[in-house]
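Participant: structure for this input, please:
(4 chains)
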There are 2 protein chains.
Amino acid sequence: MDRARVGLKDVARLAGVSVKTVSNVVNDYVHVTPATRARVTAAIKELNYRPNLSARNLRQGRTGIIALAVPELDIPYFAELARLVIAAAEERGLTVLIDQTGGVREREQLVAENFRAHLIDGVIFSPLALTPEDLAARMDDTPMVLLGERVYEGPADHVVLDNVAAAREATLHLAGLGRRRVAAIGAQDDVAAETSRLRLTGYLDALTTAGLPADDRLIVPVEDYHRADGAQAMATLLDSGAASDAVFCFNDLLALGALRTLLERGFAVPDDVALAGFDDIEDGRYATPTLTTISPDKAGIAGRAVELLADRIAGGSKVAAREVRVGHQLEVRESTRGRHA
Amino acid sequence: MDRARVGLKDVARLAGVSVKTVSNVVNDYVHVTPATRARVTAAIKELNYRPNLSARNLRQGRTGIIALAVPELDIPYFAELARLVIAAAEERGLTVLIDQTGGVREREQLVAENFRAHLIDGVIFSPLALTPEDLAARMDDTPMVLLGERVYEGPADHVVLDNVAAAREATLHLAGLGRRRVAAIGAQDDVAAETSRLRLTGYLDALTTAGLPADDRLIVPVEDYHRADGAQAMATLLDSGAASDAVFCFNDLLALGALRTLLERGFAVPDDVALAGFDDIEDGRYATPTLTTISPDKAGIAGRAVELLADRIAGGSKVAAREVRVGHQLEVRESTRGRHA
DNA sequence: AGTGTCTTATTCAACGTTGTAAAGCAGGGC
DNA sequence: GCCCTGCTTTACAACGTTGAATAAGACACT
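Facilitator: Predicted coordinates:
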């Protein structure tokens, strides 16, 4: 049976000491007699006292909460990332609150403006629709760490992946199999779609390196990066008559959608068409065939992001914006290699 | 350029009114002259004032934050659920904070004890390892809504699915295809594994109804409910020599894992073995073959859970624990129906 | 004994907000 | 001219916590 609201005051009364002494015990202040400490801890236990974070935070100006703003939680890549970020934050005693932007500009703007002012100490943000100008124009000075691909200059700390190199690698792998008509699924018109742009650059680079001609008909645009878009894009590609023998999809969901369409229409993967994705989500490892993909160091991204943010929160915003690069690796699986080996 | 910390006080000074008047404007109190309101809003904008939630919460005793405690965020079912819960909460002006328990008893106990006391107003909890006794013994009286399958008596509001009926339905569907050796993947020894127990009950019920004999060798236990466990379990089943022509997996991840093993070993699905899952996660709709599954009303679960919780938060803990049932539906797809139709 | 240092505990004020009570001010009816 | 009513604004206290300053006691060294 616990009283309605138990505060330091109540514990102090029960233990026969001052409020501040109880506070000292709670905060492991050094100079407290063992005897006093014992009496206080006993009282705390008896009353089932738990510190009121709102009050503590009000006093200290920090909440211990950070936000993770991602497009959608049920995109496996972001779900995996969220798990890792939450775990990394927990190690530092931080709690994570998730905001879903849906990739919608308006909502991303809210995040940039820090509409959760005073509730969060900082934000890890994976923007889709915002331009660098939007971010540079940001008024708020709450610490922020950007994830993802865009080449931002200066506005905030940034954890990036070498998208161009990774996309080049994946495409070269396809070309290295002897495929001559390598398509790309995942182009986007939107100027803000930086991920798409970088991966496309890597793809085109690779074609040049491999001595293959670029063919516009092999570059298929998509609306979004979900399975449905991949399935649709693959259908478009097949229907276009522009024969292709390999496809690099700009993420795994697109690849899984494309795979579905291929199998549905009776194509053999990789014999007729080889397929590579990007992200290394778990689905890809259990698809049939298993999916060749670029595997970004997700734990690294999460860990470094939390680290940068925690540092920024602790140290104020003294130092200039930092950029951290994390690694990636090509995972060759059945969708390009085939079943043997 | 925003000052370090802007408070009502600063706005009040600039607008030439009292602190309380500013507060009134912020809270849309009715009796404020349009003129005053205008002056104040101008000052708010100029200073880029944002209310301090810690202070507000301290005053009001509520934070507007609810927790969602699930095993893991990158289990697609929970990721989808999380998205829906966050969306539903947002409609009510609530913010969601996610706790990952990993299904570990110790961590679930922390959630039950409300280790985030004073930070959250309530919790939506999907426990795996806790027994009803654990929950009944809970000291804390923070509002809580339980999700999932267990038949809890009384401790808290509860949103449930009719697991037994759903499992029965799925199994009967398999039997209805003429399959005589219907296996089950997903049994668990642990007494606390109530989901497993209920789905097993439904499975056994269905066998009886269909006039099929139960065969222990067709019931495969798993450690966890991930793809890897399903793949492993399917391998065990195949290796055991206990021929089966259909498998009901207790969730979609298990089914996708099992599917992988079947295809890897050259079995045709559904011709050799028909396969059904549970949860209707998106992966299943893009697997080849697409996965027949039980589709729970996830939006319903999320919506009702938030509704119950919000109600409980508003109304205090007056009323007795409520139980809400949500529907489900059998989605017949290629893994049982085949490609035609 | 006097001075200084260290430990232990306390008092006070402040963080930013809002509920309560009350004050100031207008207009209407007598 | 006075009182009542209703609108608008205000002063004050309190939510639970902790940093700063301080008091009280113990002990050691001169």
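Participant: contacts, neighbours, all on C-alpha from now
Facilitator: Noted.
Participant: residue of the stretch 201-341 of chain A nearest DNA strand D, please.
Facilitator: A:Ala314 (13.8 Å; C-alpha to the nearest atom of the strand).
Participant: oh, I was asking about the stretch 51-200 of chain A
Facilitator: Taking C-alpha to the nearest atom of the strand, DNA strand D has its nearest neighbour within the stretch 51-200 of chain A at A:Pro51, 3.3 Å off.
Participant: after the helix-or-strand element of chain A with minimal mean pLDDT, which helix or strand is next?
Facilitator: Of all helical and strand segments in chain A, the minimum by mean pLDDT, DSSP states H and E falls on helix A:132-136, at a mean of 85. Toward the C-terminus, helix A:132-136 is succeeded by strand A:144-147 as the next helix or strand (DSSP states H and E).
Participant: I'd like the next helix or strand past that following strand.
Facilitator: Next element after strand A:144-147 (DSSP H and E): strand A:157-161.
Participant: who's in contact with stretch A:306-319?
Facilitator: Here stretch A:306-319 makes contact (C-alpha atoms under 8 Å, 6 or more residues apart in numbering or on different chains) with A:85, A:88-89, A:121-124, A:143-145, A:157.
Participant: give me the buried positions along stretch A:34-48.
Facilitator: A:36-37, A:39-41, A:43-44, A:47-48 (16 or more other C-alpha atoms under 10 Å in any protein chain shown).
Participant: now do stretch A:102-114
Facilitator: Neighbour counts using 16+ other C-alpha under 10 Å place A:102-103, A:105, A:107-109, A:111-114 of stretch A:102-114 among the buried residues.
Participant: surely A:Val22 meets A:Arg13?
Facilitator: No - contact criterion C-alpha atoms under 8 Å: A:Val22 and A:Arg13 do not qualify, at 9.9 Å.
Participant: what's the helix or strand for A:Ser295?
Facilitator: strand A:292-296.
Participant: helices and strands around that strand, which ones?
Facilitator: helix A:163-176, strand A:274-278, strand A:328-331, helix A:334-337 (3 or more C-alpha pairs under 8 Å, 6 or more residues apart in numbering or on different chains; DSSP states H and E).
Participant: now find how far off-centre the very next helix or strand once past it is within its chain.
Facilitator: With elements assigned by DSSP H and E, the helix or strand that comes after strand A:292-296 is helix A:298-315. Computed by C-alpha atoms, centre = their mean, to the nearest Å, the chain-centroid distance of helix A:298-315 equals 12 Å.
Participant: ok, stretch A:264-279 next?
Facilitator: With C-alpha atoms, centre = their mean, you get 27 Å for stretch A:264-279.
Participant: ok, stretch A:18-35 next?
Facilitator: Offset of stretch A:18-35 from its chain centre (C-alpha atoms, centre = their mean): 41 Å.
Participant: wondering if it reaches chain B at all.
Facilitator: No - on the criterion C-alpha under 8 Å from any C-alpha of the partner chain, stretch A:18-35 is out of touch with chain B, staying 15.0 Å away.
Participant: mind listing what's buried in that stretch?
Facilitator: A:19, A:21-23, A:25-26.
Participant: which of the residues you listed come close to DNA strand D?
Facilitator: Filtering those for proximity to DNA strand D by C-alpha under 7 Å from any atom of the strand leaves A:19, A:23, A:26.
Participant: can you flag which of those belong to helices?
Facilitator: A:19, A:23, A:26 (DSSP state H).
Participant: return the member of the residues you listed nearest to DNA strand D.
Facilitator: Nearest to DNA strand D among those: A:Ser23, at 4.0 Å, using C-alpha to the nearest atom of the strand.
Participant: contacting residues for that closest one?
Facilitator: A:Ser23 touches A:Leu8, counting by C-alpha under 8 Å, 6+ apart.
Participant: against chain B, how distant is it?
Facilitator: Look at A:Ser23 and chain B: by C-alpha to the nearest C-alpha, to the nearest Å, they are 16 Å apart.
Participant: can you give me the pLDDT of that residue?
Facilitator: pLDDT for A:Ser23: 97.
Participant: check whether the least confident helix or strand of chain A comes near chain B.
Facilitator: No - under the criterion of C-alpha under 8 Å from any C-alpha, helix A:132-136 makes no contact with chain B; the nearest approach is 13.3 Å.
Participant: distance between that helix and the chain's centre?
Facilitator: Distance, stretch centre to chain centre, for helix A:132-136: 19 Å (C-alpha atoms, centre = their mean).
Participant: in it, what's buried?
Facilitator: A:Leu135.
Participant: any idea how far the residue of the stretch 51-200 of chain A closest to DNA strand D is from A:Gly202?
Facilitator: When distance is defined by C-alpha to C-alpha, to the nearest Å, A:Pro51 is 53 Å away from A:Gly202.
Participant: returning to that earlier point: the residue of the stretch 51-200 of chain A closest to DNA strand D: what's it in contact with?
Facilitator: A:7-8, B:117-118.
Participant: now, which of those residues lie close to DNA strand D?
Facilitator: Among these, DNA strand D is touched by A:7-8 when using C-alpha under 7 Å from any atom of the strand.
Participant: helices or strands next to the least confident helix or strand of chain A in the packing?
Facilitator: Checked by 3+ C-alpha pairs under 8 Å, 6+ apart, helix A:132-136 has no helix or strand packed alongside it.
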